[in-house]
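Attaching a predicted model along with its sequence, questions to come.
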Amino acid sequence: MGMSTAAMRYLLAIYELSHEGGPVRSVDIARELGVSPASVVHMLGVLSGEGLVSKRHYGRVQLTDRGIWSANQLYTKCTLLETFLLEELCVEPETAQRDAVACLCALSEESVEQIVCRVLETPVILRASGE
């Protein structure tokens, strides 16, 4: 996806707070992520520049269609990573939820896909290098 770790965390938080697309207040994003309002303003500028969110000055933030699609992709992978941590590794639920986000942000796309395929019990198709 080519997105920074911070952008992924913000996109996931907005998606969850918005109940998959509704408007969200910046203060709620800051509270959810434990960051300053200034950090939220900065990241919303980045996400807006990428076409993932729209925000009016002093207004609520809303995911664009592209933002909803991207956030849903991240959310789905995060949920499957959480399932892996819960079912395969017997991690406590709160820890699994937190660690799933951390894994999504830290692991390569290949590793995430391997875990997702394992959770879904889908055969993994190995790609030739260079694809």
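Perfect, I can see it now.

alpha carbons only for contacts and neighbour counts from here, please
Will do.

Would you map out the domains in the protein?
5-64, 69-120 (automatic domain parsing).

can you redo the ones you listed as a markdown table with mean pLDDT and mean neighbour count?
Below are the domains of the chain laid out as a markdown table (pLDDT from 0 to 100; neighbours: other Cα atoms under 10 Å):
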| stretch | mean pLDDT | mean neighbour count |
| --- | --- | --- |
| domain 5-64 | 93 | 17 |
| domain 69-120 | 91 | 17 |
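
List the contacts of the lengthiest helix in the chain.
Taking DSSP state H as the criterion, the chain has its longest helix at helix 65-87. Contact partners of helix 65-87, identified using Cα atoms under 8 Å, 6 or more residues apart in numbering, comprise 8, 11-12, 15, 20-21, 51-53, 91-93, 96-97, 99-101, 103-104, 112, 115-116, 119.

Then stretch 13-26?
Against stretch 13-26 from outside (Cα under 8 Å, 6+ apart): 28-29, 32-33, 37, 40-41, 59-64, 68, 71-72.

In strands, which of the residues you listed fall?
Among these, the members falling in strands (DSSP state E) are 61-63.

Those residues into CSV, with extra columns for distance to Glu82?
Formatted as CSV, the ones in strands among the contacts of stretch 13-26 follow (distance: Cα to Cα, whole Å):
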residue, distance to Glu82
Val61, 27
Gln62, 26
Leu63, 24
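
Can you tell me which of those residues is nearest Met3?
Leu63 (15.7 Å; Cα to Cα).

who's in contact with Leu47?
7, 53.

so how far is Thr79 from it?
Distance of Leu47 to Thr79, computed by Cα to Cα, to the nearest Å: 22 Å.

ok, now Ala38?
29 Å.

and if you look at Cys90?
Cys90 is 15 Å from Thr79, by Cα to Cα.

try Val40
Counting by Cα to Cα, the gap between Val40 and Thr79 amounts to 24 Å.
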